[in-house]
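> can you look at this prediction? I've put the sequence above it.
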Amino acid sequence: MTTVLETRVLRKAFGGITATNDVSFTLPAGARHALIGPNGAGKTTFVNLLSGVLLPTSGSIFLNGQDVTEWSVRARSRAGLARTFQINQLFADLTSLQTIMIAINERENAANSWFRSFGARKDLVGEAVELIESLNLADVIHGRVGSLAYGKQRLLEIAIALAAKPSVLLLDEPAAGVPESERDQILNVVAALPASVSLVLIEHDMDLVFRFAKTISVLVNGALFVEGSAEEIAKDPRVRQVYLGEEVINHG
Amino acid sequence: MSAASATDLPAAATAGPASLRLLEAARWRWYEFLFWGIAAACGLSVLAPALGFTVPVIPTKLMLLSEILILGLLALSIDLTLGYAGLVTLGQGAFFGIGAYAAGLMAKYGAGVAPLSDPLLGLLGAGLAASVVGFATSFLVLRGSDLARLMVTLGVALIVEELVNKLKDITGGTDGLQGVMSSKVLGIWDFDLYGYTAFWYALGITFLCFWFCRRLVNSPFGYSLRAIKGNALRARAIGMPVNARLIQVYTLSAFIAGVAGGLLAQTTQFASPDMVAFHRSADSLLMVIFGGAGHLYGGLIGAAIFRIMQDFLSNITPQYWLFWVGIVLILLVLFVRNGVIGLLMAASQKYIAKVPPKSGALK
């Protein structure tokens, strides 16, 4: 199977703290991979390195075979890497449809037009409507994003990322903060994503991880602790000790 | 189990209404026709005496009305960057002044060479001169916080102001630029003493620039600016060239400010250091805040309020009129969200809540 995303001895230090410690990681095409680890393990730093929000101290990142270590967020996005954010990053004053149209226009290089009317290209609007419907957002298609229910906003986070038609999608805690009643909607959407998109799920919630991921990496103190299939990780006593055990103690 | 709420409709069938809904945002409304109608009526009011009416205020105030239009155009250029792209600036006066001197110099030295003193060509020169400086300084506003942007744009404005004072040979220094005589507008209308031509000329150019901006903010480009204002982090993450867009809109805004400056120089037949002074930058930002940002009309409304207030108050209390401007500013910012337009929108929403719209009306 081909590798879509790879890091080689990736390191990020903030002063004396090593947030990402020599992580070598490969993501095969079509993967359903979860990245887990206790609080402060460096999961979000790792995602920020992958998406280009942060630049690494050393090491390199490859996307679809290209060295993208020095690339900007924008360049990586255009090369097929999309992400969602742990904390919603949305356009509060626009509607869901406008938001998705902006993302699609950008992908199609249609956003440089000064004189065409926004929404005049029916083919792109049709695609936006389809995407919105497929993510259970049809009822809020014209709703102001800032006024949507939190669960709907989380879905829109995923929708914007998908509008770029990515080959790799990084989901940073997609269900974080979503009330129990709206949780299933998000899980179902994640489960129904097409196989053409390789997924990395960064998650805290073990329920979601084991329902969705085929393979799992455990990150502890910035370093890869152990990798394996979901069954192996679930049985691994070391993981139970550093992660699951801690969870039970923390939340018990 | 699939999350997709599978619809059997093909994309094109559902795209129609959704597309219309997006286009609806750019439709011309009745109150917009009313706004420009009132502006045109001000110009037509000079005909009133001939028809036997007396309109006490307007005919004698044509020069004031032209100035309101010009200041409104300057404020419009700020609204484009502030209201849509979220870039604050305290230096728009620099571009206004550069435009005024560029148009002034072209008219002054072009008197012998006919095409150079053509007013429309002068405005083009004014806009281009201002946009060159705008482009060159746009890189300074890309980084940093709003506060840093305020300081950087203020710095640019102060530099331009001092240059105008120092370069006496070109600008005439503190005496200003004398002998700015533009040729006839379109070769037909001469600038007259009463300001009839000046008014219609200013109205025409302001409307043209407004119409252009209106197209722009309702284009895919315009929506990408709103996205940047809404959340630049997300805008980058969807692959948007945020910096390039900001450079483009900042340069364009400088062009429009330059055109406004050129208009003032041509219609007053004078260019002075007052046109690049710091208070131009501050006043024009105030006008946008008075009127409300992000609707294009805010700057025009704000300019009218500001200039009429100034005219009215400085008759009563010549030295202390800024005191009242200060009071109004504080009250507006404390009690109204987004200026006069914010007031009007809140009022119309209350009205709509009371009177349900006719069936068939959207929303």
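Noted; the coordinates are in hand.
> measure whichever residue of the stretch 1-150 of chain A sits closest to chain B to B:Leu20 for me?
The nearest approach of the stretch 1-150 of chain A to chain B comes at A:Gly119, 2.6 Å away (CB to the nearest CB). All C-beta atoms are positioned from the backbone trio N, CA, C, and that covers glycine. Using CB to CB, to the nearest Å, A:Gly119 is found at 8 Å from B:Leu20.
> check B:Gln319 too.
As judged by CB to CB, B:Gln319 and B:Leu20 stand 56 Å apart.
> for A:Thr2, same thing?
For A:Thr2, the distance to B:Leu20 (CB to CB) stands at 43 Å.
> which ones are touching A:Ala103?
Residues near A:Ala103 by CB atoms under 8 Å, 6 or more residues apart in numbering or on different chains: A:Ile160, A:Ala163, A:Ala164, B:Ile238.
> and the third one, what does it touch?
Going by CB under 8 Å, 6+ apart, A:Ala164 touches A:Ser77, A:Gly80, A:Ala82, A:Ala103, A:Glu106, A:Arg107, B:Ile238, B:Gly239.
> let's see 7 Å
By CB atoms under 7 Å, 6 or more residues apart in numbering or on different chains, the contact set of A:Ala164 is A:Ser77, A:Ala82, A:Ala103, A:Arg107, B:Ile238, B:Gly239.
> narrow those to those in strands?
Those of the contacts of A:Ala164 mapping onto strands are A:Ala82, per DSSP state E.
> most neighbours, which of the contacts of A:Ala164?
Within the contacts of A:Ala164, most neighbours by other CB atoms under 10 Å in any protein chain shown means A:Ala103, with 31 neighbours.
> the residue nearest to that residue when sequence neighbours are not counted: neighbour count?
Computed as CB to CB, 6 or more residues apart in numbering or on different chains, the closest residue to A:Ala103 that is not its neighbour in sequence is A:Ala163, at 3.7 Å. Number of residues near A:Ala163 (other CB under 10 Å) recorded here: 24.
> try the one 10 residues further on
By other CB under 10 Å, the residues close to A:Glu173 number 21.
> which residues touch it?
A:Gln86, A:Ile202, A:Glu203, A:His204.
> just to revisit the earlier point, ok, B:Gln319 and B:Leu20, which is more surrounded?
B:Leu20 (14 against 7).
> and that one, how far from B:Leu225?
23 Å.
> and A:Thr69, by the same measure?
In terms of CB to CB, A:Thr69 sits 31 Å off from B:Leu225.
> re earlier: do you know the pLDDT at the residue nearest to A:Ala103?
Note on A:Ala163: pLDDT of 92.
> from A:Leu169, how far out is it?
Counting by CB to CB, the gap from A:Ala163 to A:Leu169 is 11 Å.
> now swap in B:Trp200 and tell me
Remark: distance between B:Trp200 and A:Leu169 (CB to CB) = 57 Å.
> which of those two has more residues huddled nearby?
Neighbour count, other CB under 10 Å: between B:Trp200 and A:Leu169, A:Leu169 has more, with 21 against 17.
> that's a strand at that one, yeah?
Yes. Looking at A:Leu169 with DSSP: H, G, I helix; E, B strand; the rest coil, it is inside a strand.
> now do the contacts for it.
Taking CB under 7 Å, 6+ apart as the contact definition, A:Leu169 lies against A:Ala82, A:Ala161, A:Val197, A:Leu199.
> what ranges do the helices span in the stretch 151-252 of chain A?
Assigned helices in the stretch 151-252 of chain A, in chain order: A:180-191, A:206-212, A:230-235, A:237-239, A:245-251 (criterion: DSSP state H, counting those that start in this stretch).
> what average pLDDT does the shortest one get?
Yep, that's helix A:237-239 we're talking about. Rounded mean pLDDT across helix A:237-239 is 82.
> report the buried residues of that helix.
A:Val239 (16 or more other CB atoms under 10 Å in any protein chain shown).
> give me the number of residues near the nearest residue to B:Ser314 once chain neighbours are set aside?
Distances taken as CB to CB, 6+ apart put B:Trp321 closest to B:Ser314, at 4.6 Å, once the chain neighbours are dropped. Close neighbours of B:Trp321, defined as other CB under 10 Å, add up to 17.
> wait, B:Trp321 sits on B:Phe312?
No. Using CB atoms under 7 Å, B:Trp321 makes no contact with B:Phe312, being 8.4 Å away.
> low-confidence regions, chain B specifically.
B:1-14, B:48-60, B:111-114, B:187, B:193, B:356-363 (pLDDT under 70).
> in it, which residue sits closest to chain A?
For chain B, CB to the nearest CB, closest residue to chain A: B:Leu22, 2.6 Å.
> what's the burial count for that residue?
24.
> tell me the contacts of it?
A:Leu97, A:Gln98, A:Met101, A:Phe118, A:Gly119, A:Val125.
> return the subset of these lying in helices.
A:Leu97, A:Gln98, A:Met101, A:Val125 (DSSP state H).
> now the second one: how far from A:Tyr150?
Shown here: A:Gln98 relative to A:Tyr150, a distance of 20 Å by CB to CB.
> which one of those two is surrounded by more residues?
Comparing A:Gln98 with A:Tyr150 by other CB under 10 Å, the one with more neighbours is A:Gln98, at 24 against 13.
> pretty sure the more buried one is touching B:Tyr223, no?
Yes. At 6.4 Å, A:Gln98 and B:Tyr223 qualify as touching, with contact defined as CB under 7 Å.
> hmm, back to that, which two from the ones in helices among the contacts of B:Leu22 end up farthest apart in space?
Comparing all pairs in these by CB to CB, the longest separation belongs to A:Gln98 and A:Val125, at 10.6 Å.
> buried residues in the strand or helix carrying B:Ile330?
Following DSSP states H and E, one finds B:Ile330 within helix B:321-335. Neighbour-count burial for helix B:321-335 flags B:Trp321, B:Trp324, B:Val325, B:Leu332 (criterion: 16+ other CB under 10 Å).
> show me what contacts the residue nearest to B:Ser314?
B:Trp321 touches B:Gln310, B:Leu313, B:Ser314, counting by CB under 7 Å, 6+ apart.
> likewise for A:Thr95?
A:His142, A:Gly143, A:Arg144, A:Val145.
> most neighbours among these, which one?
A:Val145 leads the contacts of A:Thr95 on contacts (other CB under 10 Å) with 23 neighbours.
> that one contacts A:Gln98, doesn't it?
No. The pair A:Val145 / A:Gln98 is not scored as a contact, 8.4 Å apart, by CB under 7 Å.
> which residues in chain A form strands?
Assigned strands in chain A, in chain order: A:3-14, A:17-28, A:32-36, A:58-63, A:66-67, A:81-83, A:168-172, A:198-202, A:215-220, A:223-229 (criterion: DSSP E).
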